[in-house]
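Enquirer: okay, sequence plus prediction incoming.
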Amino acid sequence: MKPNIPKGTRDFLPEEMAKRTYLFETIKHVFRLYGYLPVETTSIENIDTLMGKYGEEGDRLIFKILNSGDILADLKDKDINTLTGKELSRLISEKALRYDLTVPFARFVAMNRNELTFPFKRYQIQPVWRADRPQKGRYREFYQCDADVIGSTSLLNEVELIKMIDDVFVKLKIPVIIKINHRKLLMAIAENAGILSNFTEVITSIDKIEKNGYSAVKEELISKGFTDIQIFNLFNLFTVGGDSFDEQIAQASLQIPNNNLKLEGIRELELIAEGLKHSRISNTTSFDVKLARGLNYYTGTIIEVKVDSTKCKSQFNNSIAGGGRYDNLTDLFGLPGVSGVGISFGADRIYDVLKELNLFPAGLSVCTQVMFINFGKEREKKCLEWIDALHKAGISAELYPDNVKFKKQMGYADAKKVAFVVFAGDDEVAKNAVKIKNMVSGEENEIKDNQITDYFLK
RNA sequence: GUGGCUGUAGCUCAGAUGGUUAGAGCAUCAGAUUGUGGUUCUGAGGGUCGUGGGUUCGAUCCCCAUCAGCCACCCCA
């Protein structure tokens, strides 16, 4: 059969793995620096854990796992023709691949509440799966790198997470814009426009203003059944200007009529702005009333990160990190009153940007330091002893496994970018010596065979 | 789920108004070079031209269908 992998998935070669490891280690380093602890959760979740948490579109994109066994036997009492697609799907699929790391984490917290000390700060780096149609910067299997604080309503957490985003992208040398908004402000706007009851519908439309413009979004809202006057009232509140984060919040505060939601939202944003002032953020932070984010579970601060195309020549337009506060997620798993806030780095998209901008440091791939040429059965034994000594000294070394012609062995060393090749053939052994060749300079040195380890430790 | 573009060697791509045996570069393997790689030279292997059907004396090329990939929308990391 032809070897193939499902669309939207990828294998990684050693060279790519070296770069991915660099990326993951950079992010992990920041997570640890701020006191976040690692956890992992299962790849497979019960389907009920995931369904209904992400919105209608999210549900559609969940990868479902077909029940094992004879599916028809399980259905024998049901009339397939009277079932809806949804009902049928429930009967033949009880498990699914995780769609993100946040919802499984909420489930994890609710399950392990007695083992955890709150506020609990965790990081998690694992793949997630989405049954989306792949395209540029969009994969069906990709890694998320999440950091969340759960069990604390303090806005210091928001400040910390934004600072962590900044730290990561400073380290990676990617200029970014960190966009910030607040769901309560959006709700206040929706309330003032008299459309709060359709909030989630409005949200997804608002999110498109930045990309598609007001007129396109207006059309969409009309098709969703909103009236001209409602849309007018809605858009009227979206004309916030101002240069700095502070000014933008102040302007929004003037623009949006007072109600409880608005006052809370503004107050929280002001506290975050205050905290950020003392956090020495390098990248641009920007308040954006039009930022909405499609995930259902956010209730407070929302954050989205994009490449700052004014400061680099990146064409990458997708968000590369995102996050926000969710007040009721653990509630769905029987643990009420525990608020959480978190961020998620999209490792694969960040990888694409690093590649596009040529920002990977040189010399990332780790390779064998020393390779011994295989001169046959008699000579192998001594090589194994020398290699053992090198390994004990922490130097990576290997013996070519077959006694084949040198061209082949040297070609292997060359392709694998081995730094040094050691010759211990008849000529050298007669003198209790070995010849060491530097594969970069081509220079060769003959040394006593009891000094091999010292030579490489130098 | 909706729309557009593309399928020729392991990879990147040529190709002819429809006409014998479908090419190149890179990669692979072998030899020049039985104790020296990255350079060079020589040679070799590798293709049911995505799949199925139609038009035709004849299709890799034209038509239809189908599958796959890419891109955009939707949504998101």
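Expert: Structure's in. What do you need? Residues are numbered from 1 along each chain as shown, chains lettered A, B, ... in the order given.
Enquirer: please parse chain A into its domains.
Expert: A:14-63+A:99-193+A:237-356, A:370-457 (automatic domain parsing).
Enquirer: among those, which is the most enclosed?
Expert: domain A:14-63+A:99-193+A:237-356 (a mean of 19; mean count of other Cβ atoms under 10 Å). All C-beta atoms are positioned from the backbone trio N, CA, C, and that covers glycine.
Enquirer: is RNA strand B contacted by that domain?
Expert: Yes - shown here: domain A:14-63+A:99-193+A:237-356 in contact with RNA strand B (Cβ under 7 Å from any atom of the strand) through A:55, A:57-58, A:61, A:100, A:130, A:132-139, A:142, A:144, A:293-295, A:304-305, A:318-322, A:344, A:346, A:348-349.
Enquirer: in helices only, show me these.
Expert: If you go by DSSP state H, those have A:57, A:58, A:348, A:349 in helices.
Enquirer: let me know the secondary structure of the closest residue to residue A:337 other than its chain neighbours.
Expert: Of all residues beyond its chain neighbours, the one nearest residue A:337 is residue A:331 (7.5 Å), with distances taken as Cβ to Cβ, 6 or more residues apart in numbering. The three-state assignment at residue A:331 reads helix, by DSSP: H, G, I helix; E, B strand; the rest coil.
Enquirer: wait, residue A:331 touches residue A:299, no?
Expert: No - applying Cβ atoms under 8 Å, one finds residue A:331 not in contact with residue A:299, separated by 10.8 Å.
Enquirer: closest approach to RNA strand B from the stretch 251-400 of chain A, which residue is it?
Expert: Of all residues in the stretch 251-400 of chain A, residue A:294 sits closest to RNA strand B, at 1.3 Å by Cβ to the nearest atom of the strand.
Enquirer: need the pLDDT of that residue.
Expert: Listed pLDDT for residue A:294 reads 78.
Enquirer: and residue A:169, by the same measure?
Expert: On the pLDDT scale, residue A:169 is placed at 97.
Enquirer: one more: residue A:74?
Expert: With respect to pLDDT, residue A:74 scores 65.
Enquirer: just the strands in the stretch 301-450 of chain A please.
Expert: All strands of the stretch 301-450 of chain A, identified by DSSP state E, counting those that start in this stretch, fall at A:301-307, A:321-326, A:340-346, A:370-372, A:397-399, A:420-423, A:433-438, A:444-448.
Enquirer: wait, residue A:105 touches residue A:144, no?
Expert: No - using Cβ under 8 Å, residue A:105 makes no contact with residue A:144, being 10.7 Å away.
Enquirer: list residues touching both of those two?
Expert: Between them, residue A:105 and residue A:144 share these contacting residues under Cβ atoms under 8 Å, 6 or more residues apart in numbering: residue A:124.
Enquirer: just checking, residue A:97 touches residue A:129?
Expert: Yes - using Cβ under 8 Å, residue A:97 makes contact with residue A:129 at a distance of 4.0 Å.
Enquirer: low-confidence ranges in the stretch 51-200 of chain A?
Expert: A:74-82, A:84-85 (pLDDT under 70).
Enquirer: how near is residue A:43 to residue A:146?
Expert: Relative to residue A:146, residue A:43 is positioned 15 Å away (criterion: Cβ to Cβ, to the nearest Å).
Enquirer: what of residue A:273?
Expert: Taken as Cβ to Cβ, the span from residue A:273 to residue A:146 is 24 Å.
Enquirer: beta partners of residue A:324?
Expert: residue A:302, residue A:342 (DSSP bridges).
Enquirer: who touches it in this structure?
Expert: Counted by Cβ under 8 Å, 6+ apart, residue A:324 has contacts A:183, A:293, A:295, A:298, A:300, A:301, A:302, A:303, A:341, A:342.
Enquirer: do residue A:317 as well
Expert: By Cβ under 8 Å, 6+ apart, residue A:317 lies in contact with A:306, A:307.
Enquirer: again with the one 3 residues further on
Expert: By Cβ under 8 Å, 6+ apart, the contact list for residue A:320 reads A:174, A:176, A:305, A:306, A:307, A:345, A:346, A:349, A:350, A:353.
Enquirer: nearest residue to the last one other than its sequence neighbours?
Expert: Using Cβ to Cβ, 6+ apart and skipping residues adjacent in sequence, the residue nearest residue A:353 is residue A:316, 5.0 Å away.
Enquirer: quick one, phi psi at that neighbour?
Expert: Note on residue A:316: its backbone torsions stand at phi -80, psi 120 [degrees, to the nearest 10].
Enquirer: longest helix in chain A, by number of residues?
Expert: Max-length helix for chain A by DSSP H is helix A:14-33.
Enquirer: which is the next helix or strand following that helix?
Expert: strand A:37-38 (DSSP states H and E).
Enquirer: each with direction, which strands does that next one pair with?
Expert: Using DSSP bridges, the strands paired with strand A:37-38 are strand A:120-129 (parallel).
Enquirer: taking the stretch 51-200 of chain A, what residue is nearest to RNA strand B?
Expert: residue A:136 (3.3 Å).
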